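# I need the structure of the sequence given here:
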Amino acid sequence: MMTITSPEIIEDRETDLEPRYRIIIHNDDVTPFDFVIDILRSVFKLSREIAEHVTWTAHIKGLALVMVRPRSEAERLVKKAHMAARLEGYPLTFTIEPEE
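As a prediction, the model looks like this:
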């Protein structure tokens, strides 16, 4: 007689358990608007409309929230954005901070 057992379900909750961090973009007087929008769209996968809003907010207020992600993902995205900006010679800066 054959015994049938249910498969064990293992959930990957690694990112669910990580603290969430805000990704913040900082305004600078060197990086062109179009380049910032391209980075927000290509690295952070924002729509054109949201990327333009974030860029304009950073320009006016000095800082803008890009998104909130688990720490490891936030760090990875910021590193990727910084590398892309530096390759083009721009000082575009992002930081992360814990979500309160």
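
# who's in contact with the longest helix seen in the chain?
If you go by DSSP state H, the chain has its longest helix at helix 71-87. Applying C-beta atoms under 8 Å, 6 or more residues apart in numbering, the contact partners of helix 71-87 are 15, 18-23, 31, 35, 39, 42-44, 68-69, 91-96. To be clear about C-beta, it is placed using only N, CA and C from the backbone, and glycine gets the same treatment.

# Would you give the sheet partners of the helix or strand following that helix, along with the direction of each?
Downstream of helix 71-87, the first helix or strand assigned by DSSP states H and E is strand 93-98. Next to strand 93-98 in the sheet, as set by DSSP bridges, lie strand 20-26 (antiparallel).

# Past the partner strand, which element shows up next along the chain?
Taking DSSP H and E, what comes next after strand 20-26 is helix 33-42.

# Give me the mean pLDDT for that following helix.
Helix 33-42 shows a mean pLDDT of 98.

# Pull out the buried residues from it.
Judged by neighbour count (16 or more other C-beta atoms under 10 Å), helix 33-42 contains these buried residues: 35, 36, 37, 39, 40.

# Among the residues you listed, which one sits closest to residue 48?
Taking C-beta to C-beta as the measure, residue 48 lies nearest residue 37 of the buried residues of helix 33-42, at 7.1 Å.

# what's residue 47 sitting at in phi/psi?
phi -70, psi 160 (degrees, to the nearest 10).

# what's the residue nearest to it when sequence neighbours are not counted in contact with, if anything?
Closest residue in space to residue 47, ignoring its immediate chain neighbours: residue 41 at 7.6 Å, by C-beta to C-beta, 6 or more residues apart in numbering. By C-beta under 8 Å, 6+ apart, residue 41 lies in contact with 47, 48, 51.

# Just the buried residues of those.
residue 51.

# From the contacts of residue 41, pick the one nearest residue 61.
Relative to residue 61, the closest of the contacts of residue 41 is residue 51; by C-beta to C-beta it sits at 16.0 Å.

# Surely the closest one forms part of a strand?
No: using DSSP: H, G, I helix; E, B strand; the rest coil, the assignment for residue 51 is helix, not a strand.
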